[in-house]
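A.B. asks: Structure of the sequence below:
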Amino acid sequence: MIFESHAHYDDSQFDGDREELLASLAAQGIGRVINIGSTFEACQKTLALTEQYDFLYGALGIHPSEASEMTEEIYHWILKKSRLPKTVAIGEIGLDYYWEKDEAARSSQRLWFCRQMELARETGLPAIIHSRDAAEDTLKLMQGIHANQIPGVIHCFSYSLDMANAFLDMGYYIGIGGVVTFHNAKKLKEVAANIPLGRILLETDCPYLSPEPNRGKRNSSLNLPYVAQEIARLRGIPTEKVIEATEENAKRLFQKVP
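C.D. replies: As a prediction, this is how the structure comes out:
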């Protein structure tokens, strides 16, 4: 079964058919799903989803683009809720310089990234890291806090093979989604073809980043076979081998998922 390591089913784009869609996943080969928090509200909705669906697990964290909403109260709420049986990761956290150009705001992102990484360290949960247009700062920050001691994944990876290897050297997994199917995604295709299969996770980031042939439409876990097929093509191996390996990888990282 395919393990969906990064989804946002709390998003309002699913309000019209969320129940029907989630109910259809198992029959289409999707076994487990991790729903990812990005705002305080999204984290609350994520917990509600984990209570409603046996196969769905949660990650709690504040996205870097939402760092301005982070408070000590929210920080301690995440710490408390991370103890719940179906909270399996801290995330998504990290740095996003694509949208944020102001240096003071970037400094706030770095502060809360470090603080939430310490949450992962304290709870023993893996970190789900978002990094966009911030490769060097992400790597340097992680090295500075000894992130090699904290398991995790670089979600929606978008950097070079050399940068992938730097994160791999720290023990991190690489999350690959629909972008790998895009014709112009040369760097990501090189990464998908060359890093160890044992360090790849399948993800969608749905409702965003639908793969070909559904690019531009609302994404869902139902599109994950296209991602697995492209990784298999790039590596010259059967698609089923990619599905099996990435499921085992996800179970190894997210140890609270049975």
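
A.B. asks: got the contact list for R199?
C.D. replies: Contacts for R199 (CB atoms under 8 Å, 6 or more residues apart in numbering) come out as L168, Y172, Y173, I174, N249. Every C-beta, even on glycine, is put in place using the N, C-alpha and C of the backbone.

A.B. asks: pretty sure the fourth one is in contact with L201, am I right?
C.D. replies: Yes: at 7.1 Å, I174 counts as touching L201 under the criterion of CB atoms under 8 Å.

A.B. asks: Return every residue with contacts to both of the two.
C.D. replies: V153.

A.B. asks: Restrict stretch 86-97 to CA atoms and write it as PDB.
C.D. replies: Provided in PDB are the C-alpha atoms of stretch 86-97 (Å, rounded to 0.1, in the frame of the first residue of the first chain):
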ATOM      1  CA  LYS A  86      -1.700   9.600  16.700                       C
ATOM      2  CA  THR A  87       0.500  12.700  16.700                       C
ATOM      3  CA  VAL A  88       3.500  11.200  14.800                       C
ATOM      4  CA  ALA A  89       5.700  14.200  13.800                       C
ATOM      5  CA  ILE A  90       6.400  17.900  14.400                       C
ATOM      6  CA  GLY A  91       5.700  19.900  11.200                       C
ATOM      7  CA  GLU A  92       5.600  21.400   8.900                       C
ATOM      8  CA  ILE A  93       8.300  23.700  10.100                       C
ATOM      9  CA  GLY A  94      11.300  25.400   8.500                       C
ATOM     10  CA  LEU A  95      12.200  28.400   6.300                       C
ATOM     11  CA  ASP A  96      10.500  30.000   3.300                       C
ATOM     12  CA  TYR A  97      12.300  32.900   1.700                       C
END
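
A.B. asks: model confidence over that stretch, on average?
C.D. replies: Per-region confidence: stretch 86-97 scores 98 on mean pLDDT.

A.B. asks: quick revisit: from the contacts of R199, which single one is nearest G144?
C.D. replies: G144 has its nearest neighbour among the contacts of R199 in Y172, at 15.3 Å by CB to CB.

A.B. asks: Let me see the contact set for the closest one.
C.D. replies: So Y172 contacts I129, A147, P151, G152, V153, I154, R199 (CB under 8 Å, 6+ apart).

A.B. asks: Could you do F113 as well?
C.D. replies: P64, I93, G94, L95, L141.

A.B. asks: which of those lies closest to N223?
C.D. replies: The shortest approach to N223 among the contacts of F113 belongs to G94, at 23.5 Å (CB to CB).

A.B. asks: That closest one looks like it's in a strand, true?
C.D. replies: Yes: assigned with DSSP: H, G, I helix; E, B strand; the rest coil, G94 falls within a strand.

A.B. asks: Who is it paired with across the strands?
C.D. replies: H130 (DSSP bridges).

A.B. asks: H155 now?
C.D. replies: Going by DSSP bridges, H155 forms beta bridges with H130.

A.B. asks: so it makes contact with E92?
C.D. replies: Yes: between H155 and E92 a contact is recorded at 6.0 Å, counting by CB under 8 Å.
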